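>>> One predicted model, sequence on top.
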Amino acid sequence: QVQLVESGGGLVQVGGSLRLSCAASGRIIGVYAMGWFRQSSGKEREFVAAVSWTGSNTNYADSVKGRFTISRDNAKNTVYLQMNNLQPEDTALYYCAVRMGWAVPSTADEVGTWGQGTQVTVSS
């Protein structure tokens with residue numbers, strides 16, 4: 001059973017930056033990809049970014065390319081999401097996600113474990 005705990009969310013002005021972190025713990029056997037999804041009020045949960053076990057394969061939603069960077073530290077079982085040039089449309093509850101195996105997740109259906117979420121609010 002994998003547990004995920006996110007941190008780093010908060011309130012930031014337009015153009016500002018935040019760094020989200022997500023630590024995995026529990027009984028983890030095998031390799032796993034990690035990622036971030038987000039959900040804003042009245043909308044479905046959407047893919048943001050994902051990274052493979054080795055970190056060599058990353059994937060981003062078009063809306064965040066060039067602004068967000070995902071990375072991971074396997075020694076700490078932690079994934080990070082550096083978010084720069086934040087915009088009001090980035091306001092959402094951000095969820096950490098784990099998919100066991102080598103493939104990175106790109107849809108919510110591919111995720112096996114979710115964190116509890118951390119709120120990001122961008123004020124204009």
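Structure received. Numbering: from 1, shown residues only.
>>> residues touching the residue nearest in space to the middle of the chain, list them.
The centroid of the chain falls nearest to residue 36 when counting by Cα atoms, centre = their mean (2.1 Å). Each residue near residue 36 by Cβ atoms under 8 Å, 6 or more residues apart in numbering is listed here: 20, 22, 48, 49, 50, 70, 79, 81, 94, 95, 96, 97. (Glycine included, C-beta is placed from N, CA and C.)
>>> separation between it and residue 114?
Residue 36 sits 11 Å away from residue 114, going by Cβ to Cβ, to the nearest Å.
>>> which neighbours do these two share?
Contact criterion Cβ under 8 Å, 6+ apart; residues shared by residue 36 and residue 114: 95, 96, 97.
>>> Any idea what the first one is bridged to?
Bridge pairing for residue 95 (DSSP bridges) gives the partners residue 37.
>>> Number of residues surrounding it?
Neighbourhood size, residue 95 [other Cβ atoms under 10 Å]: 22.
>>> correct me, but it touches residue 6?
Yes. Between residue 95 and residue 6 a contact is recorded at 7.3 Å, counting by Cβ atoms under 8 Å.
>>> which neighbours do these two share?
Common contact partners of residue 95 and residue 6 (Cβ under 8 Å, 6+ apart): 115, 116, 117.
>>> and the first one, how many neighbours does it have?
By the criterion of other Cβ under 10 Å, residue 115 has 23 neighbours.
>>> Would you agree it is in contact with residue 6?
Yes. The criterion here is Cβ under 8 Å, and residue 115 meets it with residue 6 at 4.6 Å.
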